[in-house]
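K.L.:
Kindly return the folded structure for what I paste below:
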Amino acid sequence: MMVLEWPVSVAPANMSWQLISNSKTFTSSFTGSTQTVRFPGSRWRCTLTFNNLTELLSRELEALIASLDGESGRVKISHWVRTGLTGRGDPVVAAPNQTGRTLQTKGWVPNTVVLRKGDYLTVGNELKMSTENVISDQEGNALVSISPMLRISPALNEKIETIKPFGIFKLTSNDQGSFQYRPGNFSNVTITLEEALA
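P.N.:
Numbers count the residues shown, from 1 in each chain. Next comes the predicted model:
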């Protein structure tokens with residue numbers, strides 16, 4: 001499936017961004033005690049509001065939404081406010097068969113804060129957040145605590161994107177993209193997307 005690129009010139013006026021957890025709680029009918037289990041499959045969701053789009057920008061966004069054709073399409077989205085870091089090296093996955101909430105990495109600039117708590121990174125087309133400050137060792141290795149947990153084990157030496165981290169998103173429903181037009185060729189629209197899990 002082809003993944004579309006978001007138009008560089010189109011940015012939201014307002015954005016909400018949240019992690020939708022895939023946790024389940026089970027309650028005992030005998031004792032009332034609860035147990036909560038975390039499963040892979042948590043995903044990022046964003047609601048984007050665009051106000052006073054010029055005719056040119058409106059056309060760009062309308063064409064993108066038409067190309068997505070409801071929930072069937074996919075588009076790369078990066079966080080508009082929290083941009084990535086530069087000058088931290090060329091990080092890659094340092095070990096095969098990794099799962100869970102930590103990621104062994106290598107290729108960073110040595111002895112440096114390479115990720116800050118709350119920074120985003122992309123590995124295997126999955127968008128993750130660093131949940132701790134990460135300092136590389138003298139050889140450029142670093143263990144990164146991430147959320148959500150890995151859904152698919154990334155390949156050894158797979159590139160980790162930290163400069164412009166992205167996720168692969170889809171519209172949350174087929175009825176997205178109702179543009180409201182005003183005199184003067186300005187338009188408004190709000191759309192909601194969530195990470196598409198492969």
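K.L.:
Only C-alpha atoms from now on, for both contacts and neighbour counts.
P.N.:
OK.
K.L.:
my read: residue 181 touches residue 189, true?
P.N.:
No: counting by Cα atoms under 8 Å, residue 181 stays clear of residue 189, with 9.1 Å between them.
K.L.:
Please compare those two by neighbour count and tell me which comes out ahead.
P.N.:
residue 189 (20 against 15; other Cα atoms under 10 Å).
K.L.:
Which of the three states applies to that one?
P.N.:
strand (DSSP: H, G, I helix; E, B strand; the rest coil).
K.L.:
Counting neighbours, what do you get for the nearest residue to it once chain neighbours are set aside?
P.N.:
Nearest residue to residue 189, sequence neighbours excluded (Cα to Cα, 6 or more residues apart in numbering): residue 179, at 4.9 Å. If you count neighbours by other Cα under 10 Å, residue 179 ends up with 16.
K.L.:
and residue 179, how far is that from residue 52?
P.N.:
Noted for residue 179: a distance of 11 Å to residue 52, by Cα to Cα, to the nearest Å.
K.L.:
what about the closest residue to residue 106 other than its chain neighbours, how many residues close to it?
P.N.:
Spatial nearest neighbour of residue 106, excluding adjacent residues (Cα to Cα, 6+ apart): residue 141 at 4.2 Å. By the criterion of other Cα under 10 Å, residue 141 has 21 neighbours.
K.L.:
for the one 4 residues further on, same thing?
P.N.:
Applying other Cα under 10 Å, we find 20 residues neighbouring residue 145.
K.L.:
For it, list the residues it contacts.
P.N.:
Going by Cα atoms under 8 Å, 6 or more residues apart in numbering, residue 145 touches 101, 102, 103, 130, 131, 132.
K.L.:
hmm, which of those residues are the buried ones?
P.N.:
Listed as buried from the contacts of residue 145 are 101, 102, 103, 130, 131; burial here means 16 or more other Cα atoms under 10 Å.
K.L.:
Reformat the residues you listed as JSON lines; add distance to residue 24, pLDDT and secondary structure.
P.N.:
Shown next, in JSON lines, are those (distance: Cα to Cα, whole Å; pLDDT from 0 to 100; DSSP: H, G, I helix; E, B strand; the rest coil):
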{"residue": "101", "distance to residue 24": "18", "pLDDT": "95", "secondary structure": "strand"}
{"residue": "102", "distance to residue 24": "21", "pLDDT": "97", "secondary structure": "strand"}
{"residue": "103", "distance to residue 24": "24", "pLDDT": "98", "secondary structure": "strand"}
{"residue": "130", "distance to residue 24": "23", "pLDDT": "98", "secondary structure": "strand"}
{"residue": "131", "distance to residue 24": "22", "pLDDT": "97", "secondary structure": "coil"}
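K.L.:
got a markdown table for these, with distance to residue 74 too?
P.N.:
Output for the buried ones among the contacts of residue 145, formatted as a markdown table (distance: Cα to Cα, whole Å):
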| residue | distance to residue 74 |
| --- | --- |
| 101 | 25 |
| 102 | 27 |
| 103 | 26 |
| 130 | 24 |
| 131 | 27 |
